[in-house]
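Visitor: I would like the atomic coordinates for the input below:
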Amino acid sequence: ATKGIGRTQPVNWKDAGEALENEELIGCQMPAGPGKDVSLQSYLQYNEYIVYDTSQIRLKYLLMGKETEVPVLLNPATGSANPAASLSALWVYLHPALEHIMKSPTNYPNGKAPSIDIGFYSGIHSACYNYFTAQSEASNATARILESNSTSGTDLYARLDRYFADIARELLLGTPNDDFELVHYIVPCFNRYSAGAQSVNRLLSYVNRHYVKRAVDEDKGWLRLSDVLQTVAKTATPDDTRQKISSRLKEKRMDELKRWGYEEGGSSELLAAAEASAEAASPPDRIVSVVSLAHRRFRTEFFEPLLAIPKMKGKPKVKHKVPRAPGPGKSGPKGRLARGVKDLLEREEFDEQNRLYLATSLANSLGAAGIRADHPLRRKLDKFVAPAAQDG
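Guide: Numbering: from 1, shown residues only. Below you'll find the model as predicted:
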């Protein structure tokens, strides 16, 4: 079994026998007062006990309780300050909402992100609009066109990128030491992070409409002309028209999306999911939507360190090396996540339904974060999940 540590815990304890005047309970400890936030790096709101083999459970008591939802974040008082006056002023206004959405603990299985006050929500929309508008007007007034700042909003986008990277690193620091517990940590962790990222994506929709869309139009998106130009150039002829070359570029884009699960003629939801994964898999210099920016940082700062194979600094010199015995070696996967998946898929006395759920959820998380389908770990998970998916 595994104990999941939550942020809200009892701080003081008392003897249950004395408190309830029951001699049979003397020596048992019970919380003295409500739980308090102990400020742990955890997405669980309360402690949980996870038992992997249901045959080990003997149910004796059933308690009914009502969980208090995370309160809505109210609109902070800004006084006469203008949140759109500068990047620092905008970030000071925006940061509490991001912290609430991305970090507030929750015990919802799908990691539902907490809400913010509708007035605060509208205020952030207005502040972003005014900030981008002021930047555009200042750029036109000074008549300066610099390559590094040709699109207003670069500074805010870069700040968001660093923010998501910091959160992903914090989550990586909270990973359990036991490899088997690693997958149990990652699945709810990514679900919560992704739900928060999608909520921030909606909150900062103006960033996508104003900055990201313009950057994509300027060939700064996840798929650039330089990525496909070499392929197109090999098949192009002097008689090819611009329209024909453009058609080949679209074909190349479609080929990329098919690698992420899209099938030609598929639904708009399937197309959006494939493009989001392709965006998350892109290099850090590519401009992508806010939610894909968050998923990309989860890949680079969380998944990739866990997938990496430690490098040995040097091989020790042995004068009299003992020859290896014939037969298959016992060495297993060297990456932490690979070891955790191996333990998950091969451990005996484990609930099969829970095993399938964890494997499926992890495979989906890897894909959403931009880990390609031909990665060995994704192939292993997809191979395990495929039979159950075919059975429906």
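
Visitor: avg pLDDT for stretch 15-30?
Guide: Within the predicted structure, the mean pLDDT of stretch 15-30 is 87.

Visitor: typed the wrong thing, it's stretch 124-137
Guide: Per-residue confidence for stretch 124-137 averages out to 85 on the pLDDT scale.

Visitor: residues in contact with it?
Guide: Outside of stretch 124-137, the residues within contact range by C-beta atoms under 8 Å, 6 or more residues apart in numbering are 82-84, 87, 90, 93-94, 97, 152-153, 156, 203-207, 210-211. (C-beta placed from N, C-alpha, C; glycine too.)

Visitor: again, only this time at 7 Å
Guide: By C-beta atoms under 7 Å, 6 or more residues apart in numbering, the list of residues contacting stretch 124-137 from outside reads 83-84, 90, 93-94, 97, 152-153, 203-204, 206-207, 210.

Visitor: where do the helices sit along the stretch 201-350 of the chain?
Guide: With DSSP state H, counting those that start in this stretch, the ranges of helices along the stretch 201-350 of the chain come out as 205-206, 213-217, 225-235, 242-258, 268-280, 290-298, 304-307, 336-346.

Visitor: tell me which of the ones you listed sits most buried.
Guide: The densest packing among the helices of the stretch 201-350 of the chain, expressed as mean neighbour count by mean count of other C-beta atoms under 10 Å, is seen in helix 290-298 with a mean of 26.

Visitor: hang on, the earlier thing: looking at the helices of the stretch 201-350 of the chain, spot the one closest to residue 24.
Guide: Closest of these to residue 24 is helix 336-346, at 40.9 Å (criterion: C-beta to C-beta).

Visitor: name the next helix or strand downstream of that closest one, please.
Guide: helix 352-368 (DSSP states H and E).

Visitor: so which bits of that next one are buried?
Guide: Of the residues in helix 352-368, those buried under the neighbour-count criterion (16 or more other C-beta atoms under 10 Å) are 354-355, 358-368.

Visitor: do you know how far residue 307 is from residue 205?
Guide: Here residue 307 is placed at a distance of 32 Å from residue 205 (C-beta to C-beta, to the nearest Å).

Visitor: what do you get for residue 271?
Guide: Going from residue 271 to residue 205 by C-beta to C-beta gives 19 Å.

Visitor: what residue ranges in the stretch 251-392 of the chain score low on pLDDT?
Guide: Flagging of the stretch 251-392 of the chain using pLDDT under 70 yields the residue ranges 312-332, 388-392.

Visitor: go again with 90.
Guide: 251-256, 261-269, 309-335, 347-354, 386-392 (pLDDT under 90).

Visitor: tally up the residues packed near the nearest residue to residue 172 once chain neighbours are set aside, please.
Guide: Nearest-residue entry for residue 172: residue 302, 5.0 Å, with adjacent residues in sequence omitted and distances by C-beta to C-beta, 6 or more residues apart in numbering. Around residue 302 there are 25 other residues, counting by other C-beta atoms under 10 Å.

Visitor: residue contacts, residue 302?
Guide: When the contact criterion is C-beta under 7 Å, 6+ apart, the partners of residue 302 are 168, 171, 172.

Visitor: which of these tops the neighbour count?
Guide: Counting neighbours by other C-beta under 10 Å, residue 168 leads those with 23 neighbours.

Visitor: now the angle between helix 290-298 and the helix or strand harbouring it, please.
Guide: Assigned by DSSP H and E, residue 168 falls within helix 154-173. In this structure, helix 154-173 runs at an angle of 40 degrees to helix 290-298, with axes from the mean of the first three to the mean of the last three C-alpha atoms, to 10 degrees as the basis.

Visitor: for helix 154-173, packing partners?
Guide: For helix 154-173, the elements it packs on are helix 87-103, helix 290-298, judged by 3 or more C-beta pairs under 7 Å, 6 or more residues apart in numbering; DSSP states H and E.

Visitor: buried set for it?
Guide: Neighbour counts over helix 154-173 (16+ other C-beta under 10 Å) mark 155, 156, 157, 160, 161, 163, 164, 165, 167, 168, 171, 172 as buried.

Visitor: sorry, back to before: Throw the contacts of stretch 124-137 into JSON lines and include pLDDT, thanks.
Guide: Formatted as JSON lines, these follow (pLDDT from 0 to 100):
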{"residue": "83", "pLDDT": "89"}
{"residue": "84", "pLDDT": "87"}
{"residue": "90", "pLDDT": "93"}
{"residue": "93", "pLDDT": "93"}
{"residue": "94", "pLDDT": "94"}
{"residue": "97", "pLDDT": "94"}
{"residue": "152", "pLDDT": "71"}
{"residue": "153", "pLDDT": "83"}
{"residue": "203", "pLDDT": "94"}
{"residue": "204", "pLDDT": "95"}
{"residue": "206", "pLDDT": "91"}
{"residue": "207", "pLDDT": "94"}
{"residue": "210", "pLDDT": "90"}
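
Visitor: tabulate those residues in JSON lines, adding columns for distance to residue 121.
Guide: Compiled in JSON lines, these are given as follows (distance: C-beta to C-beta, whole Å):
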{"residue": "83", "distance to residue 121": "13"}
{"residue": "84", "distance to residue 121": "16"}
{"residue": "90", "distance to residue 121": "15"}
{"residue": "93", "distance to residue 121": "12"}
{"residue": "94", "distance to residue 121": "11"}
{"residue": "97", "distance to residue 121": "8"}
{"residue": "152", "distance to residue 121": "23"}
{"residue": "153", "distance to residue 121": "20"}
{"residue": "203", "distance to residue 121": "7"}
{"residue": "204", "distance to residue 121": "11"}
{"residue": "206", "distance to residue 121": "12"}
{"residue": "207", "distance to residue 121": "14"}
{"residue": "210", "distance to residue 121": "18"}
